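J.: how would this look folded up:
(chains A and B)
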Amino acid sequence: MRNWKALLSAILLGVVAGLPLYGGAYLLSVANLLLIHMTLALSWSLLLRSGQLSLGISGFFGLGVYVAALSLVRVGLHPLVGILLGGVMSGVLALGVGAAVLHLRGMYFAIVTLALAEAFRVIIRNVPNLSGGPEGMVLPALIFDGDSFKTFWFALAVAISTLALLMVVSRSKVHIALTAIRNDETVAQSSGVNVYQYLLWIFALTSAIQGVAGGLYAHIYGFISPEGSFSLDLVLLPIIMAVVGGATTTWGPVIGAVLLGSVSELLKIKIPHGHLLIYGVIIVIVVLFFPKGVIGTLQEKIRRRL
Amino acid sequence: MKGMAGKNTLLAALAVAGAVLLACWKPYVLIEGVQRAGLYAAITLPMALLMGVLGIVNLAHGDFMMLGAYLAYGLSVYLGVDPLLSIFPAMAVFFLFAMIVYVGTFNHVLDAPELNQILLAFGLMIILTQGANLLWTSRFIKISLPYVSESVTMGSLTFGTYGFVYVAAALIILIGLRVFLKKTRMGQAALAVGQNRRGAKLVGINVDWTHLIIFSLSIAIIGAMGCVFITRHSISPLVGFPYTLRAFCLIAMAGIGNLTGIVWVSLLLGVAENMVLSFHGYAGWADLIYFILIIAVIMVKSRKRHRQ
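T.: Below is the predicted model:
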């Protein structure tokens, strides 16, 4: 059974990694975006395991975009260093913000993270000399000189690393602590879990991942702007991917990302101005009718039938 | 208690002294700050009512105002109704609309984890803004009304008087809500539900009905505010969101359930923002003030909680 599973994953990985060989340019660009969204969905769901809902994905993502892009344009750092730096900066910022606000949780946390993206947008608009202002800027070169094979493999590596991280966390003490915090903070605290410390570090870690994803995005697409980098798409799509798949499972966000990543691409073409509306509807439907995620609920139903 | 009263007197004295100083140094900041504060307070009060009674953060709050503004725009352009007269039909329309929304959505998550409530509210916010975007595009629209540009001259000062309509609206809403909560049966029931839902149920209050009415009332008020809003501002589908964030900031500052406090903190935010706006070249930073305030408030609150 075990060998069988390993073989299947190897084949699947091979098929996915070989995508540049048989997929066209369009398919690759869709896949890159999907992998970035998947990374965001995974990181968001990791934080959700602790019961903290972040609406600030686009904030940390956008910070990563700008740090990575500006470190190339203004300082001349290598893109990979810039991407890493974007992650580090997002993580450090999350530590600072988290240290200030994570003593009060729930809605306070959710809204501070939501406002964070707004705050970044204001800052970037107000330092045009550094950031390129509201019009944004075009990067002089793409990562790996635009080599689509390497770019795709790099995006894939980032997504798989995030997935691996979630798998490791799932089997560790951390997962138990996070679940305990989500279920009942008081009980968790009295069982010796340092709630504040756990939340702070998991927030910093997931934000750092979002920063890396942002850096990656900047260097793949080579264009940054306050509207594009902090766009609502970037908050909504990862959240939907995670909640549809089943938010606190490891594979849920992956499945959700594959499903919705392809659907969202179609939607964008069919209804260019209304695709966000459909995301909103999906969120509401999932919260009302499938609180365990669409896949989780279906599994439960099938299990009951059997 | 005595110390508390002393502290309040001191705060009031400081506020008056600050206002006098400001009036001498930058009178326009004070006047326009007060007008802006009126707008903030009028928007925040109904959201505070909802949060105090149902315990829900309505992230779509500002977007209901946006819808109200579009309604007033439509009535004005197609039927020639003055936006300020649209307040009354808007209240009725939004009360009914809110009832439908409540029964369809929030009613099902009141006992669910807070995460689900926030996520649902977020989804609703997206539906309203993006639905409006689809219907009316993201173009800014405006009604020009003759009475909006009225101004008075006092000594060397000339300023627009129409902005005080927001102050009037805020005071009407504040007084109205206080009377409603103190004097009517429904208001008293709402207070009881806000304090302790289960206890209220035990003494025979129809909790579900109270939730429905309070939710709809909150939305009716903010929808009507949309009619006032469009008389002075241009609107687009995204116009509501910044106000939702500011309203949350103000409620956090005043404390949930403290309606009068909201007026004071609105004054603080309104004047502070206009202060920043008055410095040439730094005006863009005014939008950051409420964010800094939220963070500061949360830090202070969590420290207080730690001491307990």
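J.: Which residues of the stretch 151-300 of chain A lie near chain B?
T.: A:232, A:236, A:239, A:243, A:273-274, A:276-277, A:279-284, A:287-288, A:291 (CB under 8 Å from any CB of the partner chain). In short, each C-beta sits where N, CA and C put it, glycine included.
J.: Filter the residues you listed down to just the buried residues.
T.: The neighbour count (16 or more other CB atoms under 10 Å in any protein chain shown) marks A:232, A:236, A:239, A:243, A:274, A:276-277, A:279-284, A:287-288, A:291 as buried among those.
J.: Quick check: the farthest pair among those?
T.: A:G274 and A:P291 (25.9 Å; CB to CB).
J.: Near chain A, which residues of the stretch 151-300 of chain B are found?
T.: B:242, B:245, B:248-249, B:252, B:284-285, B:287-288, B:290-291, B:294-295, B:298-299.
J.: Let's see which of the residues you listed end up in helices.
T.: B:242, B:245, B:248-249, B:252, B:290-291, B:294-295, B:298-299 (DSSP state H).
J.: Secondary structure element holding the nearest residue to B:S216 once chain neighbours are set aside?
T.: Leaving out its chain neighbours, the residue that sits closest to B:S216 by CB to CB, 6 or more residues apart in numbering or on different chains is B:A98, at 4.0 Å. Here B:A98, judged by DSSP states H and E, is contained in helix B:87-104.
J.: quick one: buried residues of that helix?
T.: Buried residues in helix B:87-104 (16+ other CB under 10 Å): B:87, B:89-91, B:93-95, B:97-99, B:101-102.
J.: Ok, stretch A:228-242 next?
T.: Buried residues in stretch A:228-242 (16+ other CB under 10 Å): A:228-242.
J.: Which one of the residues you listed is nearest to chain B?
T.: A:L236 (6.5 Å; CB to the nearest CB).
J.: Over to the closest one. Which of the three states is it?
T.: helix (DSSP: H, G, I helix; E, B strand; the rest coil).
J.: Give the burial count for residue 77, as a bare number.
T.: In the absence of a named chain, this looks at chain A. 17 (other CB atoms under 10 Å in any protein chain shown).
J.: oops, chain B please
T.: 11.
J.: from the buried residues of stretch A:228-242, which two are the most distant?
T.: Farthest pair in these, by CB to CB: A:G228 and A:A242, 22.1 Å.
J.: mind checking how far A:L8 is from A:L34?
T.: Going from A:L8 to A:L34 by CB to CB, to the nearest Å gives 21 Å.
J.: right, I mislabeled it, should have said B:T231
T.: With CB to CB as the criterion, B:T231 and A:L34 are 46 Å apart.
J.: Repeat that for B:G33.
T.: 48 Å.
J.: So for B:L30, what's the pLDDT?
T.: pLDDT recorded at B:L30 is 87.
J.: tell me the contacts of it?
T.: Counting by CB atoms under 8 Å, 6 or more residues apart in numbering or on different chains, B:L30 touches B:19, B:22-23, B:271.
J.: Any chance of these in a markdown table with secondary structure and neighbour count as columns?
T.: Below are the contacts of B:L30 laid out as a markdown table (DSSP: H, G, I helix; E, B strand; the rest coil; neighbours: other CB atoms under 10 Å in any protein chain shown):
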| residue | secondary structure | neighbour count |
| --- | --- | --- |
| B:A19 | helix | 15 |
| B:L22 | helix | 18 |
| B:A23 | helix | 14 |
| B:V271 | helix | 22 |
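J.: Where does confidence bottom out across these?
T.: Per-residue pLDDT puts B:A23 lowest of the contacts of B:L30, at 75.
J.: which one is that one nearest to, not counting chain neighbours?
T.: B:L30 (5.1 Å).
J.: For the one you found, give its distance to chain A.
T.: 24 Å (CB to the nearest CB, to the nearest Å).
J.: and that residue, what element?
T.: B:L30 belongs to helix B:27-54, assigned by DSSP H and E.
J.: circling back to that earlier point, buried by neighbour count, from the residues of the stretch 151-300 of chain B next to chain A: which ones?
T.: B:245, B:248-249, B:252, B:285, B:287-288, B:290-291, B:294-295, B:298.
J.: need those in TSV with distance to A:R49 and pLDDT, can you?
T.: Shown next, in TSV, are those (distance: CB to CB, whole Å; pLDDT from 0 to 100):
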residue	distance to A:R49	pLDDT
B:L245	27	90
B:F248	25	89
B:C249	28	89
B:A252	26	87
B:W285	37	86
B:D287	33	85
B:L288	32	87
B:Y290	30	86
B:F291	27	86
B:I294	25	84
B:I295	25	84
B:I298	23	83
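J.: what comes up buried for the helix or strand harbouring A:L33?
T.: Under the criterion of DSSP H and E, A:L33 resides in helix A:25-48. In terms of neighbour count (16+ other CB under 10 Å), helix A:25-48 has its buried residues at A:28-48.
J.: Same check on stretch A:185-196?
T.: In stretch A:185-196, counting by 16+ other CB under 10 Å, buried: A:185, A:188, A:193, A:195-196.
J.: Now the two most distant members of the residues you listed.
T.: Going by CB to CB, the pair spanning those furthest: A:A188 and A:Y196, at 10.9 Å.
J.: Show me what the lowest-mean-pLDDT helix or strand in chain B is packed up against.
T.: Sorted by mean pLDDT, DSSP states H and E, the helices and strands of chain B end with helix B:2-25, the least confident at a mean of 74. For helix B:2-25, the elements it packs on are helix B:27-54, judged by 3 or more CB pairs under 8 Å, 6 or more residues apart in numbering or on different chains; DSSP states H and E.
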